[in-house]
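S.K.: heads up, no residue letters with this:
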Ligand code: ADP
């Protein structure tokens, strides 16, 4: 017997329909690429995305077509996602920080038909357009007044493009399992791989992520996604904010500490989400300017391990609650959040910050397990570490155009991370499997050493890699970027770390460097560092 409930497929247009009906005047504020702060509402965004869907249809774009976006977080970019999915097509976010060859590979592999791009990226697109044969038209996310001279194929200003439609359009109804979005993983080995989200997976993921123990969103919130729309679905915020009626503040192209700070204060941002490097920038700005955060209540920090010093500074100096999150592009991307359960709610002081170093527990819709290399399940005791595997309705089962099986016999996807899980279900990433340092048959977590080093008051950023060692296989090398005008010695740094970790975890050498290379998603690029230090050997 089937249930007797209505057939109401989980389609993305329902999110903006809902927001426009229940929260029509909620603001969506953007720092525009042109400069000024721009204000709109969910009701307007819905109207304009209907115009866009209608206009796309006229260009022959429909179910299954890929439309690339190369853009910062702004209302226009958000609107384009709803317009594109509303005609049954697929938004395909391109990360502008990728190398040109990678962008070309990705756009061609996905066979994108249109590209929506910011003014910032016109020069880049012009440079590579000859090698993007599938793209039929470039829509520049601006108005006629700011439209540059360009030879890009069929180029048009977005405002002119959507003005050619009146918005009298019905969303295209598709099966909820239809593809809605695409995002390629940065591919530290081999080519980038295409992750394909469905309408259903995006909606279930956003609903799970919005719950109180996770992003905890409500219509009283003002949410600033600093995490880009092109970085793994902006951690659901393009859907979970309108779904809950939370207002949005889109930071556009300026992600430095001072710019983020002024938007938070001026727009009354209550909640924000970004990778640790962004928050390091904000905290450094606060330290040097003496400014205080008066409006912000919560931040979600993920994408790479959040240094303890960052969590402590937010909570103790500025009264902002930190929730450490973990996830990956293949998981839509959120997989866990570190927030209190009754079992941990009483923790205070350093025990609390020990807990907050962990990546936390999975929401409903994410099953987790840790296994050894043979697939044997390992216990949740907080010390046994193994390969972290996940499954759920918003976890990938395959990559676009590749036929290899990526799931184990129980349907779990191997994240490539090594982790422990404790009795209360809190998961803690030890390292990426390929970054962990193998010393004398035991493992040293590069993440833990980095977090500790960043706690030194003179250190701006730290990275640790394993260097081949004749006796121990590998030993840790610590690379440090100092804050301006500081000059501690290697011994000062090591003395700071001494006693806080096992003796045999202590780095064999410390090297001060001017800059640490980052990946396109703002993470420490271990691959680049390993290349730079491939000839390095410890003395003696
Ligand atoms: P990319 O490598 O392209 O940036 P992802 O964003 O999908 O792609 O990266 C996912 C990986 O990032 C995870 O598998 C994990 O190694 C790392 N990661 C994400 N969040 C955290 C976190 N809070 N702590 C430690 N590692 C994290």
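M.R.: Received the coordinates, thanks. Being a predicted model, the structure only gives us computed values, none of them experimental.

S.K.: how close does residue 416 get to residue 422?
M.R.: With distances taken as CB to CB, to the nearest Å, residue 416 is found 21 Å from residue 422. Yep, even glycine has a C-beta here, placed from its N, CA and C like the rest.

S.K.: Correction: the previous question concerned residue 217.
M.R.: 27 Å.

S.K.: These two: who's more crowded?
M.R.: Neighbours were counted for residue 217 and for residue 422 using other CB atoms under 10 Å; residue 217 has more, 25 against 17.

S.K.: ok, the residue in the stretch 1-150 of the chain that the ligand sits nearest to - contacts?
M.R.: Nearest residue of the stretch 1-150 of the chain to the ligand (CB to the nearest ligand atom) works out as residue 95 at 8.2 Å. Contacts for residue 95 (CB atoms under 8 Å, 6 or more residues apart in numbering) come out as 103, 184, 186, 228, 230-231, 520-521.

S.K.: Out of these, which sit inside helices?
M.R.: Per DSSP state H, helices hold the following members of these: residue 103.

S.K.: possible to save the contacts of residue 95 as JSON lines with neighbour count?
M.R.: Formatted as JSON lines, these follow (neighbours: other CB atoms under 10 Å):
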{"residue": "103", "neighbour count": "25"}
{"residue": "184", "neighbour count": "26"}
{"residue": "186", "neighbour count": "18"}
{"residue": "228", "neighbour count": "24"}
{"residue": "230", "neighbour count": "25"}
{"residue": "231", "neighbour count": "24"}
{"residue": "520", "neighbour count": "18"}
{"residue": "521", "neighbour count": "21"}
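
S.K.: Can you list which of the contacts of residue 95 are found in strands?
M.R.: Members of these lying in strands (criterion: DSSP state E): residue 184.

S.K.: tell me which residues of stretch 336-343 are tucked away?
M.R.: Within stretch 336-343, the residues scored as buried using 16 or more other CB atoms under 10 Å are 336-340.

S.K.: So the residue of the stretch 1-150 of the chain closest to the ligand belongs to a helix, correct?
M.R.: No - assigned with DSSP: H, G, I helix; E, B strand; the rest coil, residue 95 falls outside any helix and is coil.

S.K.: Give me the pLDDT value at it.
M.R.: Here, the pLDDT recorded for residue 95 equals 94.

S.K.: Residues of the stretch 401-540 of the chain that sit close to the ligand?
M.R.: The stretch 401-540 of the chain comes close to the ligand at residues 415-417, 429, 432, 519, 521, 523, as judged by CB under 6 Å from any ligand atom.

S.K.: Could you pull up the residues touching the residue in the stretch 101-250 of the chain that the ligand sits nearest to?
M.R.: With CB to the nearest ligand atom, the shortest gap between the stretch 101-250 of the chain and the ligand falls at residue 186, namely 3.3 Å. Counting by CB under 8 Å, 6+ apart, residue 186 touches 95, 98, 102, 192, 519-521.

S.K.: for residue 74, same thing?
M.R.: Residue 74 neighbours (CB under 8 Å, 6+ apart): 30-33, 38, 118, 141, 250, 252.

S.K.: what's the closest non-adjacent residue to it?
M.R.: Distances taken as CB to CB, 6 or more residues apart in numbering place residue 30 nearest to residue 74, at 4.1 Å, with adjacent residues excluded.

S.K.: Let me know how buried the one you found is, in neighbour terms.
M.R.: 23.

S.K.: which residues does it bridge with?
M.R.: Beta-bridge pairing for residue 30 (DSSP bridges): residue 38, residue 250.

S.K.: Make sure it is actually in contact with residue 247.
M.R.: No - using CB atoms under 8 Å, residue 30 is not in contact with residue 247, being 11.9 Å away.

S.K.: Helix or strand with the lowest mean pLDDT in the chain?
M.R.: Ranked by mean pLDDT, DSSP states H and E, the weakest helix or strand in the chain is strand 442-444, scoring a mean of 87.

S.K.: Residue 129 and residue 155 touch, don't they?
M.R.: No - the pair residue 129 and residue 155 fails to qualify as a contact (CB under 8 Å) at a distance of 9.9 Å.

S.K.: picking up where we left off before, from the buried residues of stretch 336-343, which ones fall inside strands?
M.R.: Per DSSP E, the buried residues of stretch 336-343 map to strands at 336-338.

S.K.: Among the residues you listed, which one sits closest to residue 238?
M.R.: residue 337 (18.3 Å; CB to CB).

S.K.: rewinding a little: could you turn the buried ones of the residues of the stretch 401-540 of the chain next to the ligand into a PyMOL selection?
M.R.: If you want just the buried ones from those in PyMOL, going by 16+ other CB under 10 Å, the selection is:
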select buried, resi 415+417+429+432+519+521+523
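
S.K.: okay, who's weakest in the residues of the stretch 401-540 of the chain next to the ligand by pLDDT?
M.R.: Scoring these by pLDDT puts residue 521 last, at 82.

S.K.: so who does it touch?
M.R.: By CB under 8 Å, 6+ apart, residue 521 lies in contact with 95, 97, 186, 231-232, 275, 303.

S.K.: how about a cut-off of 7 Å?
M.R.: 95, 186, 231, 303 (CB atoms under 7 Å, 6 or more residues apart in numbering).

S.K.: What of residue 391?
M.R.: Taking CB under 7 Å, 6+ apart as the test, what residue 391 contacts is 367, 411-413.

S.K.: please redo it, this time with the cut-off set to 6 Å
M.R.: Applying CB atoms under 6 Å, 6 or more residues apart in numbering, we find residue 391 in contact with 367, 411-412.

S.K.: Same check on residue 77?
M.R.: Taking CB under 6 Å, 6+ apart, we find residue 77 in contact with 71, 229.

S.K.: Make residue 1 into 34 and carry on from there
M.R.: All set: I'll call the first residue 34, so the last point we hit is now residue 110.

S.K.: which SSE is it in?
M.R.: helix 108-119 (DSSP states H and E).

S.K.: got it, and residue 509?
M.R.: According to DSSP H and E, residue 509 maps onto strand 506-515.

S.K.: Report the buried residues of that strand.
M.R.: 507-513, 515.

S.K.: where in the stretch 184-333 of the chain is pLDDT low?
M.R.: 220-222 (pLDDT under 70).

S.K.: All the helices of it, residue numbers only.
M.R.: Per DSSP state H, counting those that start in this stretch, the stretch 184-333 of the chain carries helices over the ranges 191-196, 232-243, 270-277, 290-300, 309-322.
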